[in-house]
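Chemist: coords please:
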Amino acid sequence: MAGKHIPQRTCVGCRQVQGKRQLVRVVRTTDGHIRIDPTGKQAGRGAYVHAQAACWQAALAGGRLAHALKATLEEKDRAELLAYAAALPKDNGPAA
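Modeler: Next comes the predicted model:
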């Protein structure tokens, strides 16, 4: 019998594929706000980013996160995401 299926997701910062639970979900809610979704169950369009500052910088600076969420990041939402990213480890690459 095959092992349990582990959903795979791609980090929008570094484009590396890993298990869904190893990434942080960012969601554009139905009311248009961008939020961190720690449970991974909030309704709305989601995108995934590694829990490393380098991936967050790439995702935010390159507009990749906005593109993945099909939304324009408001300054308030961008500030909230940057504050979250600033609290993350400064590793050079994604978690192995």
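
Chemist: burial of P7, as a residue count?
Modeler: 8 (other CB atoms under 10 Å). The way it works is simple: take the backbone N, C-alpha and C, and place the C-beta from them, glycine included.

Chemist: do you know how far it is from K20?
Modeler: 4 Å (CB to CB, to the nearest Å).

Chemist: please apply the same query to C14.
Modeler: C14 is 16 Å from K20, where distance means CB to CB.

Chemist: D31 now?
Modeler: 24 Å.

Chemist: where exactly do the helices run in this protein?
Modeler: Using DSSP state H, the helices of the chain run over 53-61, 64-69, 75-86.

Chemist: could you find the closest non-adjacent residue to A53?
Modeler: Closest residue to A53 apart from its sequence neighbours, by CB to CB, 6 or more residues apart in numbering: L88 at 4.7 Å.

Chemist: what is the burial count for the one you found?
Modeler: L88 has 17 nearby residues by other CB under 10 Å.

Chemist: ok so, going back, compare C14 and K20 and say which is more crowded by neighbours.
Modeler: Taking other CB under 10 Å, C14 and K20 do not tie; C14 has more neighbours (17 against 13).

Chemist: do you know the pLDDT at that one?
Modeler: C14 carries a pLDDT value of 96.

Chemist: where does pLDDT dip in this protein?
Modeler: In the predicted model, the chain carries pLDDT under 70 at residues 1, 91-96.

Chemist: I appreciate the help and will end here.
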